[in-house]
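Visitor: Sequence and computational prediction follow.
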Amino acid sequence: MRTRRALPTFAILAVLGLAACGDDDSDTTATSGDGGANPPAETRAQDNAPAPSGEAVRSAKVEIVDFEFVPSTVTVQEGGKVIWQNKDAEEHTATLDDGSFDTGELAEGKLKSESFKEPGTYTYYCELHPEMTGMVEVVAG
């Protein structure tokens, strides 16, 4: 008889114990084990987002990773600068569609920048891998 009464009490205590092991509402973020030195592409893309005031950034960085421009679109202020850095083992270029700017072939780790003086939308691609494309949006200051 004693076992029957102890069973519901044990079940209640087990449920309460499991509830205490739940989420403590603390925010933790997993890292890739590199100390955060190379954040995921989604995070890197946010680095170039317009400022909270809605204004474009003065300078933006585009990384060339896994045969992609990351982020594929950046928005800079008139007169702002875009920096391309190749993080692939293969060489790449960033060449404006109209040919007015070309980084030349960038080896791994190399970078090249360009300032954009006129507002507008500038599309570019990699001459060595034409399926790689990106865009620079320049907004009036």
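Guide: Thanks, I have the structure now. Every value quoted in this text rests on a predicted model; they were computed, and no experiment measured them.

Visitor: Helices of the protein, residue ranges please.
Guide: Remark: helices assigned in the chain by DSSP state H are 2-20, 41-46.

Visitor: Check A89 and give its pLDDT.
Guide: What the model reports for A89 is a pLDDT of 96.

Visitor: likewise V76?
Guide: 97.

Visitor: likewise A30?
Guide: Turning to A30, the model gives it a pLDDT of 31.

Visitor: Pull out the buried positions in stretch 88-103.
Guide: D88, E91, H92, T93, A94, T95, L96, F101, T103 (16 or more other Cβ atoms under 10 Å). Every C-beta, even on glycine, is put in place using the N, C-alpha and C of the backbone.

Visitor: Give me the contact list for it.
Guide: The contact list for stretch 88-103 (Cβ atoms under 8 Å, 6 or more residues apart in numbering) reads 62, 64-67, 69, 84, 86, 104-108, 112, 114, 122-129, 132, 134.
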